[in-house]
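Novice: what would the 3D arrangement of this be:
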Amino acid sequence: MATKSGSLATKSSSILRRSMLYVPGSSKRKILASLNVVADNVTYDLEDSVTAAEKVPARDRVRDHLRSIGVPGYIHRYVPRQIGEIAVRINSVSSPHALNDLINIAPQLALDAVVVPKVEHPADLTFVSNVLRQLVPHRQRLLWDGDGGDGAPQRDPIRLLAIIESARGITNLPAICNATPYLSGLIYAAEDFALDLSLTRTPHLLEQLYARCAIVTNARAAGLPSAIDLVCTSYVEDPEAEARGERTALARLEEECLNGRSLGFNGKQCIHPLQLETVQRFFSPLDSEVEWAARVVIANEKAAAAGHGAWTLDGKMVDAPVVGKARAILDKARKCDIYVQSVLDKWQHQEPELGGGGSDDAQEKEQ
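Specialist: Here you go, the predicted structure:
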């Protein structure tokens, strides 16, 4: 299975992909401008945003760009610190372009991940994985702690992100998730899925609910770090939208972010830099969540010291799963550069509410 010890998924707990910005490989201006954005992931696109006539020039342009931001050695890069990950979306493996895409981009030191579109079968990912092992064997190792055997520091393996765009892809998710140890996340392509099923995308997205839940559930079951939600197609504000009683582009984006979070997605695709700040903010722990988590963690330490495995806070029971959720929130907050220690200091005197009728109290009464 792809999630056994030594796999990329289990080694990638520090990966943060709240936002994933697509940059057309056919636009030199946008490629250069991408280095100024603040994003967890910047993905240079060789697929949907590139016309057939531009496939080869776009590939060369992206290759040269990656070469320009990489330097000799395995570790150092000229990638701005505010960009967490550099990726390239290749053309689908069924196209005549995928192999040449990989041949050109895989050797570039700046490359962190390959985004594979139109994934419907495990073989789509094993093809990419096998090609990468042939092209860059020094990077594609399951165990990469330490060095490459010759004393040289070794870069992390090139990760894979799979875009699920069809009914067949949804149906084959369990097998897809276990296709390769380099798989690091699933991405949902709403427009393509709607096309495959002859659906009309609606503002409430109910017609997409089954597929989105399947993506999140299978990503979690396989231990993948990322489940990345659909693109919000609204990014240009219409000054007359409110007068017509319609939602603004920002309001639509915020609503989609909240909806995606509620389903379990931990990131969202972006098609314009104007979407990045909102997306990264909504997929970071909220201030209220960090405060609650800090209170739970501090009070739990005191409850445990008193021998209580279950207790209450604000009238609600707290047990091991709740404490686990609180710790996960604080861990993610730290990755998002939220100063958690100040919140912990603020609530250092938080006490658990004991004697609230929890399981421990029931056991004491029986005794």
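
Novice: how about low-confidence regions in the stretch 51-200 of the chain?
Specialist: 71-79, 142-154 (pLDDT under 70).

Novice: and if we set it to 90?
Specialist: Applying pLDDT under 90 to the stretch 51-200 of the chain flags residues 68-82, 141-156.

Novice: all helices of it, in order?
Specialist: Using DSSP state H, counting those that start in this stretch, the helices found in the stretch 51-200 of the chain span residues 55-68, 98-105, 122-135, 167-171, 173-177, 190-196.

Novice: make CSV out of those and add mean neighbour count and distance to Asn91.
Specialist: Backbone N, C-alpha and C define where each C-beta goes, glycine included. Formatted as CSV, the helices of the stretch 51-200 of the chain follow (neighbours: other Cβ atoms under 10 Å; distance: least, Cβ to Cβ, whole Å):
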stretch, mean neighbour count, distance to Asn91
helix 55-68, 19, 7
helix 98-105, 20, 5
helix 122-135, 19, 11
helix 167-171, 17, 16
helix 173-177, 19, 18
helix 190-196, 18, 14
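
Novice: mind putting those helices into TSV with distance to Glu254?
Specialist: Output for those, formatted as TSV (distance: least, Cβ to Cβ, whole Å):
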stretch	distance to Glu254
helix 55-68	31
helix 98-105	34
helix 122-135	33
helix 167-171	27
helix 173-177	28
helix 190-196	17
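
Novice: which of those sits closest to Ala320?
Specialist: Checking those against Ala320 by Cβ to Cβ gives helix 173-177 as the closest, at 26.6 Å.

Novice: for that closest one, name the packing helices and strands.
Specialist: Applying 3 or more Cβ pairs under 8 Å, 6 or more residues apart in numbering; DSSP states H and E, we find helix 173-177 packed against helix 122-135, strand 159-164, strand 183-188, helix 209-221.

Novice: which of those sits closest to Ala326?
Specialist: Each of the helices and strands packed on helix 173-177 has some distance to Ala326 by Cβ to Cβ; the shortest is helix 209-221, at 18.2 Å.

Novice: who are the contact partners of Cys336?
Specialist: When contacts are counted by Cβ atoms under 8 Å, 6 or more residues apart in numbering, Cys336 touches Leu16, Arg18, Gln280, Ser284, Pro285.

Novice: give the burial count for Pro203, as a bare number.
Specialist: Residues lying near Pro203 (other Cβ atoms under 10 Å) number 11.

Novice: tell me how many other residues surround Asp345.
Specialist: With neighbours defined by other Cβ under 10 Å, the count for Asp345 comes to 11.

Novice: so where do the strands sit in the chain?
Specialist: Assigned by DSSP state E, the strands in the chain fall at 19-24, 41-45, 86-89, 113-116, 159-164, 183-188, 226-229, 267-270, 311-313, 316-318.

Novice: and the second one, how far out from the chain's middle?
Specialist: The offset between the C-alpha centroid of strand 41-45 and the centroid of the whole chain comes to 13 Å, using Cα atoms, centre = their mean, to the nearest Å.

Novice: and that strand, what does it pack against?
Specialist: strand 19-24, helix 55-68, strand 86-89, strand 113-116.

Novice: what are the pairing partners of the first one, and which direction each?
Specialist: Just to be clear, that refers to strand 19-24. Here strand 19-24 has these sheet partners by DSSP bridges: strand 41-45 (parallel), strand 267-270 (parallel).

Novice: what does it rub up against?
Specialist: Residues contacting strand 19-24 (Cβ under 8 Å, 6+ apart): 30-31, 34, 37, 39-45, 49-50, 58, 87, 89, 187, 228, 267-271, 273, 275-276, 279-280, 283.

Novice: check the last one too.
Specialist: With contact meaning Cβ under 8 Å, 6+ apart, strand 113-116 is reached by 41, 43, 85-90, 92-93, 102, 105-106, 124-125, 128, 132, 158-163, 184, 187.

Novice: buried among these? Make that a PyMOL selection.
Specialist: Burial among those is assessed by 16 or more other Cβ atoms under 10 Å; the matching PyMOL selection reads:
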select buried, resi 41+43+85+86+87+88+89+90+92+93+102+105+106+124+125+128+132+158+159+160+161+162+163+184+187
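
Novice: let me see the mean pLDDT of the longest helix along the chain.
Specialist: Longest helix in the chain by number of residues (criterion: DSSP state H): helix 287-305. The average pLDDT for helix 287-305 rounds to 94.

Novice: all further residue positions should be reported with the first residue as 190.
Specialist: Got it, first residue is 190 now, which makes that one helix 476-494.

Novice: just checking, what packs against that helix?
Specialist: The helices and strands touching helix 476-494, judged by 3+ Cβ pairs under 8 Å, 6+ apart, are strand 500-502, strand 505-507, helix 509-524, helix 529-535.

Novice: so where's the stretch 440-556 of the chain uncertain?
Specialist: By pLDDT under 90, the weakly predicted segments of the stretch 440-556 of the chain are 498, 524, 526, 543-556.

Novice: list only buried entries from the contacts of Cys525.
Specialist: Buried members of those, scored by 16+ other Cβ under 10 Å, are Leu205, Arg207, Gln469, Ser473, Pro474.

Novice: count of neighbours near Trp536?
Specialist: Residues near Trp536, counting by other Cβ under 10 Å: 16.
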